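Asks: I'd like to go over a predicted model; first the sequence, then the structure.
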Amino acid sequence: MERRRLGELEQFVLLAVLRLGDDAWGAEIQRELRSRAKRNVSIGTIYVTLSRLEAKGMVMSWLGEPTAERGGKAKRHFRVERAGRAALRAARSAHRRMWEGLDPDGEPSGSTAGSGARRRRRRRRFRAGGRSRPPVVV
């Protein structure tokens with residue numbers, strides 16, 4: 001089976017659908033993205049993303065019962081399929097591998113030369129006159 005890579009928005013939408021369970025429909029997914037990911041995504045963008053994920057076999061959808069509060073319109077509900085869960089696991093693994101050996105600021109950790117942040121601080125102190133330069137030995 002070919003591995004399909006997920007974009008950031010696709011990952012966020014899949015994660016929102018997982019969190020919402022049976023309550024996963026457009027407006028609730030939009031609220032979840034706004035509250036958790038701090039992303040203000042239009043409802044149209046969410047449905048286009050869900051349609052793309054459904055075409056890839058990562059989500060499935062069904063129409064719920066019509067409701068009076070929606071003027072007799074039914075909600076389209078979504079559920080993450082096995083392929084969607086596998087794609088999320090692969091994305092999480094790739095992120096973890098890329099972060100291995102880096103500290104939370106993205107600097108190499110465990111380096112004997114010191115972190116890039118420490119080197120930058122030393123350079124700033126020298127430029128600010130906080131430390132004299134050691135003599136050069138020839």
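Replies: In hand now; what should we look at?
Asks: low-confidence regions, this protein specifically.
Replies: 1-3, 111-138 (pLDDT under 70).
Asks: what segments of it are helices?
Replies: 8-20, 26-36, 43-55, 82-99, 116-127 (DSSP state H).
Asks: how many other residues sit next to residue 52?
Replies: Using other CB atoms under 10 Å, residue 52 is surrounded by 15 other residues. C-beta: built from backbone N, CA, C; applies to glycine.
Asks: any idea how far it lies from residue 7?
Replies: 9 Å (CB to CB, to the nearest Å).
Asks: cool, and residue 84?
Replies: Counting by CB to CB - residue 84 and residue 7 are separated by 13 Å.
Asks: next one: residue 16
Replies: Applying CB to CB to residue 16 and residue 7 gives a distance of 14 Å.
Asks: mind listing what residue 17 touches?
Replies: 24, 29, 59, 78-80, 84 (CB atoms under 8 Å, 6 or more residues apart in numbering).
Asks: sitting in strands, which of these do you find?
Replies: Among those, DSSP state E puts 59, 78-80 in strands.
Asks: name the member of the residues you listed with the most neighbours.
Replies: Scoring the ones in strands among the contacts of residue 17 on neighbours with other CB under 10 Å, the highest-scoring entry is residue 78 at 28 neighbours.
Asks: now do that residue against residue 52, distance only.
Replies: Separation of residue 78 from residue 52 (CB to CB): 12 Å.
Asks: cool, and residue 72?
Replies: 28 Å.
Asks: with residue 60 instead?
Replies: For residue 60, the distance to residue 52 - CB to CB - is 14 Å.
Asks: same check on residue 46?
Replies: Distance from residue 46 to residue 52, by CB to CB: 11 Å.
Asks: contacts only, for residue 4.
Replies: Counted by CB under 8 Å, 6+ apart, residue 4 has contacts 56, 58, 83, 87.
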